[in-house]
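Enquirer: pasting the structure only:
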Ligand SMILES: O=c1ccn([C@H]2C[C@H](O)[C@@H](COP(=O)(O)OP(=O)(O)OP(=O)(O)O)O2)c(=O)[nH]1
Ligand SMILES: [Mg+2]
């Protein structure tokens, strides 16, 4: 990785004993978030159900950064489990617990035990825009075309 920033992390009581999220490989973009559910009470996501899953952590991102809560592709491909509001947005002024909104789009119940790596968190720079109201916008080749306006035909080259 070329750049790193310091992000303060606070363990909430129910995170006791869990590892902190970490990058699983040297070049990983996201660090895996662990479910801080009760050891004795795994959370079962029925097909079609969603849940707000605790991570047991609160963070303080530097101004100018956000954290995105993204799905893990393995859970999506194998189990149909994904992040409902993907990518979830953690604002730099948020000091509450980081939570993951998981949904089970698969056909089988999905059991989340304590420490299950449920999602990944990507820290990224963010730019706040200043909106400048105008009467008309500049012209472009695309114009107002969108939503499939360039067609769907396969291109062989
Ligand atoms: O997947 C998520 C998404 C959000 N949050 C927390 C951090 C974020 O800073 C805050 C607000 O998120 P968002 O702006 O997406 O939600 P909202 O529905 O607009 O709530 P609010 O009115 O509090 O902004 O909730 C999470 O913990 N996980
Ligand atoms: Mg909001």
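Expert: It's in. Nothing here was measured: the structure is a model prediction, and the numbers come from that model. Ligands and ions are numbered 1, 2, ... in the order given.
Enquirer: surely residue 130 is in a helix?
Expert: No. Read with DSSP: H, G, I helix; E, B strand; the rest coil, residue 130 is coil and lies in no helix.
Enquirer: any idea how far residue 34 is from it?
Expert: 38 Å (Cβ to Cβ, to the nearest Å). All C-beta spots, glycine's among them, are computed from the backbone N, C-alpha and C.
Enquirer: between these two, tell me which one has more neighbours.
Expert: residue 34 (24 against 4; other Cβ atoms under 10 Å).
Enquirer: residues contacting the residue of the chain most remote from its centre?
Expert: Using Cα atoms, centre = their mean, the residue of the chain lying farthest from its centre is residue 135. It sits 36.8 Å away. By Cβ atoms under 8 Å, 6 or more residues apart in numbering, the contact list for residue 135 is empty.
Enquirer: from residue 83, how far off is it?
Expert: For residue 135 relative to residue 83 (Cβ to Cβ), the value is 40 Å.
Enquirer: got it, and residue 24?
Expert: Following Cβ to Cβ, the distance that separates residue 24 from residue 83 is 17 Å.
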